[in-house]
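A.B. asks: Predicted model and sequence follow; I will ask about them next.
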Amino acid sequence: MFQKEKQPKSINFLETLYDPTDVWSNAYIWLVSIGKYLLIGVQVIVLGVFFSRFVLDRKNNDLTEEINNKIVLLSNDTWKRNAFLFEDYQVLLGDIKAIREKQTINSLKIKELISGVPGSLVLEGLSFSEGRVSLRLSSNNLNSVKDYESALKNNPMYEDVKFSITKEDAEITVGVSFYLNTEGKVSGRTEN
Amino acid sequence: MEERKINTAEYVKTIKESSEKKRSYVFFGFSILVVIVLIVFAIRPTVTTITRINKEIEEKERVNTLLENKITTLNELDKQYAPNKEAFDDLEMIFPPGNNFSLLLANIELVTTRNGHKLSSVSFDRYNGRNYDITTKALEPYTMAFSARGREENILSFLSELEDLPMYPVIESFSYSTKTADDGTNAFTVSLRIYHVNNVNFYK
C-alpha cells in the first residue's frame, strides 16, 4: 500500500541544474560571466588610451603655442638685427684669431737675414718676396764670401742657395738667392 | 565489470559532444572577435595617433629648446656687447667693408713719420699671393704696396711696427738698396698683405 518511491543511488554531475537552450539566453549568460570582464578590460584600455591622447594633445598644443611665441619674439626687428650682427662678429673674431695664430711675421725673418750677414761683407741690397730672398753683397775678401756661402748652404732654414760671384779688381760682388724653409715647407717656391 | 566500462565511455562521449561545450567554443570565438574588432578599430588608430603626437612633441621640444637657447644666447651676447660697443665699432675701421683702408693708411703714415721716413707712393690691389693658405669666412686678403724713403737704420723697426698694427698686416715683399741719396736716405718698397671684409653690409 505504501510503496516507497525509488530513490537514485548516484548523483549525475554532468547534468546542469539550469540548461538554457536558446541563443539569447546563452549570450546573456556569456555576457554576465566571461564577456563582462573581457569588455570591461578592453574598455579600460580604450579609456586609458583616449585619456593619454587628450593629455598628449594638450601638451602638444602648449608646445606649439610656446614655439609660436618665441618665433614672434625672435622675428622682432631688433632681435633679428642683433642676431645677424652677433653672428657676423663671431665669424669675424674667429677669422681674426685664425690670422693672428697662423700667419708668420716676416719682419723678424728680414731682421734675421740682415743680422746674419757677416761684418766682412757689405750688404748692398736686399729683396724679399714671399719667402724668396735675394741679397747683393760686396767684399774684398773672397774667404769671407766662401765662409758665408758654406754657412748658408749648411743651414737647413735655407733651400736652393745660389751664389754668383764677380770680381772686378779687388772688389768682389756677390749675388745670393735662396728660399726660406719654414717648418718643413719652402715658402714662395713653386714646385715643378 | 563489462557494464561499468560501457558507462564510462558513454560519459566521456557525453562530455565531448555536449551541446554546452559547443556553445562555449562559439562564445569564446565571439569574444575573441569582439576583442579583435575593438583592438583594430578603436585602440590601434588611437595608439598610432599617440605615437605620431609623441614624435611631434619630441620634435617640438627640440625646436623649443633650440629657440630657448637662442634667446638666452642673444640675451647674454647683448649684455656683453653693450659695454664693449665702441670696441666692436672700431672693428669696422680695422677690417673695413669694401676697400676703405683709411685707418690703415693713417696708421702707416704715422709709423712712417715716427721712423723718419716719407711715403712716396701707395697702391692697393687684389691679393695674388701664392703662399696664403689661411681659411677665413669673412676676412679676405688684399694687397697694399708702397714705396718710401728713409734712414737705413730705422728700416727694421719700421717693418716691425708695421706688422704690429692691429690690422695684422704681413710683409709679403720688401726690397731696399743701401745706395744712399744726397739727403742720406735710402729708398725701399714694401708690399703688405692686409685684410678686409668683402661684404659691404657686414657691420649693418
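C.D. replies: Structure received.

A.B. asks: CA atoms for contacts and neighbours, from now on please.
C.D. replies: Fine.

A.B. asks: Look up the residues forming beta bridges with residue A:172.
C.D. replies: residue A:139, residue A:167 (DSSP bridges).

A.B. asks: surely it meets residue A:140?
C.D. replies: Yes - with contacts counted by CA atoms under 8 Å, residue A:172 reaches residue A:140, the gap being 5.5 Å.

A.B. asks: what touches both of these two?
C.D. replies: When CA atoms under 8 Å, 6 or more residues apart in numbering or on different chains defines a contact, no residue borders residue A:172 and residue A:140 alike.

A.B. asks: Could you list the low-confidence segments of chain A?
C.D. replies: Scanning chain A for pLDDT under 70 picks out A:1-23, A:27, A:30-32, A:182-192.

A.B. asks: which one's the longest helix in chain B?
C.D. replies: Determined from DSSP state H, the single longest helix within chain B is helix B:44-81.

A.B. asks: Relative to the whole chain's centre, how far out is it?
C.D. replies: With CA atoms, centre = their mean, to the nearest Å as the basis, helix B:44-81 stands 20 Å off its chain's centre.

A.B. asks: Now do the buried residues in that helix.
C.D. replies: B:46-47, B:50, B:53-54, B:56-57, B:60-61, B:64, B:67, B:71, B:74, B:78, B:81 (16 or more other CA atoms under 10 Å in any protein chain shown).

A.B. asks: in the chain, which spans are strands?
C.D. replies: Defaulting to chain A. A:122-129, A:132-139, A:158-168, A:171-182, A:185-186 (DSSP state E).

A.B. asks: could you do chain B instead?
C.D. replies: Secondary structure of chain B by DSSP E: the strands cover B:118-126, B:139-150, B:170-177, B:186-197.

A.B. asks: so which of these gets nearest chain A?
C.D. replies: Among the strands of chain B, strand B:170-177 comes nearest to chain A, with 3.9 Å by CA to the nearest CA.

A.B. asks: Extract the C-alpha trace of the closest one and format it as PDB.
C.D. replies: C-alpha atoms of strand B:170-177 as PDB (Å, rounded to 0.1, in the frame of the first residue of the first chain):
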ATOM      1  CA  VAL B 170     102.100  90.900 -43.100                       C
ATOM      2  CA  ILE B 171     105.100  91.900 -45.200                       C
ATOM      3  CA  GLU B 172     104.800  89.900 -48.400                       C
ATOM      4  CA  SER B 173     107.700  91.500 -50.100                       C
ATOM      5  CA  PHE B 174     110.300  94.000 -49.200                       C
ATOM      6  CA  SER B 175     113.300  95.400 -51.100                       C
ATOM      7  CA  TYR B 176     115.800  98.100 -50.400                       C
ATOM      8  CA  SER B 177     119.100  99.300 -51.600                       C
END
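
A.B. asks: Tell me the strands beside it, with direction?
C.D. replies: By DSSP bridges, strand B:170-177 pairs with strand A:122-129 (antiparallel), strand B:186-197 (antiparallel).

A.B. asks: Not counting the shortest one itself, show me its contacts.
C.D. replies: If I follow you right, that is strand A:122-129. The contact list for strand A:122-129 (CA under 8 Å, 6+ apart) reads A:110, A:114, A:117, A:133-139, A:188, B:172-179.

A.B. asks: Among the residues you listed, the buried ones, what's the PyMOL command?
C.D. replies: Those of the contacts of strand A:122-129 that count as buried under 16+ other CA under 10 Å are selected in PyMOL with:
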select buried, (chain A and resi 110+133+134+135+136+137+138+139+188) or (chain B and resi 172+173+174+175+176+177+178)
